[in-house]
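1. Give me coordinates for this.
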Amino acid sequence: MAIVSFKEMLEDARKNHYAVPMFDASNTTMMRAAVEVAAELGSPVILAAIPPDIPGDSLGYWANSALYAAKQVKVPVCLHLDHSADVVTCKRCMETGFQSVMIDYSARSFEENAAITKQVAELVHPHGLHVEAELGHVASGITGAANAGTSESGELLDSDTVLTSPESVARFVEETDVDALAISIGTTHGVYISTPKLEIELLKKINAVSPVPLVLHGGSGTPADQLAAAIENGIAKINIYSELTAAWNSTMRDFLNKREQMTCWFSVTCAEPDQAMREAMREKILVFKSNNRY
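-> Numbering: from 1, shown residues only. Next up, the predicted model:
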């Protein structure tokens, strides 16, 4: 099955009350781990690129590696651009084999957000790609957690979290022709200082009026019971990154702290961190109930 439609993937998840895991994959280790764990558990999976990882020629390296990884498994896989703040990057991903892009102008006004989202949809839809946008605003908990809310020049536009208004959802979708909508119901990108509390009642209202599948950003660190409640009430895709890097980096730190000699084959050095990251992926897939779907 391998490469599939982003829109169809999320529509099935919404209909059957599970969430597709989206793992931001910064390198081939993360790509391989994501597709192999997904295949092991029978789950669809989205491999996502974040703008800091794909400047210049890096996009070609990323796309070719991700496409290769996707073709090694039989579960559905989609290549997605996460949190782009400019049309040029969306166009480059369209030309490099992606199935979907996210344009994020959520830190701007409703009118600016809708206008740029519509522009991207008109650009990529004729080429078979789908578009995700964000309405409301999920702020970043740590610097560099995502590239959301930045201008083309790199100017920081991030602001405090703004919850999504149910009254604005139908209008936004109609004006933009967007295919999936990331909403703000209490999560934050990056690392939480305190345990988040999702606004499930707000989510119910949004789900009742949304013509398109809903997406939850900032899934890392959100308690499993709250994620389960979000999925039951309409969330069809959940983004994960910080928990993956935390698992890998902390395991690597512990491994290196035990060694006196720093010269070591990468295959040996990375074995334990890789397994820790894969376990984090497994846990999320089980919480999302996307296992045993294929």
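2. Next, residue 241: phi, psi?
-> phi -150, psi -50 (degrees, to the nearest 10).
3. now the one 3 residues further on
-> Summarising the backbone geometry of residue 244 under the convention degrees, to the nearest 10, its torsions are phi -70, psi -50.
4. State the distance from it to residue 265.
-> 23 Å (C-beta to C-beta, to the nearest Å). From N, CA and C alone the C-beta is placed, and that goes for glycine too.
5. What's opposite residue 24 in the beta bridge?
-> Beta-bridge pairing for residue 24 (DSSP bridges): residue 48.
6. Now do it, the pLDDT please.
-> We note a pLDDT of 97 for residue 24 in this prediction.
7. where in the stretch 101-250 of the chain is pLDDT low?
-> The stretch 101-250 of the chain contains residues with pLDDT under 70 at 140-160, 189-194.
8. rewinding a little: if you count surrounding residues, which of residue 244 and residue 265 has more?
-> Shown here are residue 244 and residue 265; by other C-beta atoms under 10 Å, residue 244 has more neighbours (23 against 8).
9. who are the neighbours in contact with the more buried one?
-> Residues in contact with residue 244 (C-beta atoms under 8 Å, 6 or more residues apart in numbering) are 23, 24, 30, 220, 277, 280, 281.
10. Please identify which helix or strand holds the last one.
-> So that's residue 281. helix 271-288 (DSSP states H and E).
11. what comes up buried for that helix?
-> 273, 274, 276, 277, 278, 280, 281, 282, 284, 285, 287, 288 (16 or more other C-beta atoms under 10 Å).
12. any idea which of these is closest to residue 95?
-> Residue 95 has its nearest neighbour among the buried residues of helix 271-288 in residue 281, at 29.0 Å by C-beta to C-beta.
13. give the contact list for the nearest residue to the closest one once chain neighbours are set aside.
-> Distances taken as C-beta to C-beta, 6 or more residues apart in numbering place residue 37 nearest to residue 281, at 4.5 Å, with adjacent residues excluded. Residue 37 is in contact with 43, 45, 278, 281, 282, 285, counting by C-beta under 8 Å, 6+ apart.
14. didn't the fourth one look like it was pressed against residue 34?
-> In other words, residue 281. Yes - applying C-beta atoms under 8 Å as the test, residue 281 and residue 34 come out as touching, 6.3 Å apart.
15. Now the common contact residues for these two.
-> 21, 23.
16. Quick one: the strands in the protein, in order.
-> 20-24, 45-49, 77-84, 100-103, 130-135, 180-183, 214-216, 235-240 (DSSP state E).
17. In TSV, list these along with mean neighbour count and distance to residue 167.
-> Shown next, in TSV, are the strands of the chain (neighbours: other C-beta atoms under 10 Å; distance: least, C-beta to C-beta, whole Å):
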stretch	mean neighbour count	distance to residue 167
strand 20-24	27	27
strand 45-49	27	29
strand 77-84	27	25
strand 100-103	29	22
strand 130-135	27	11
strand 180-183	27	13
strand 214-216	25	16
strand 235-240	27	20
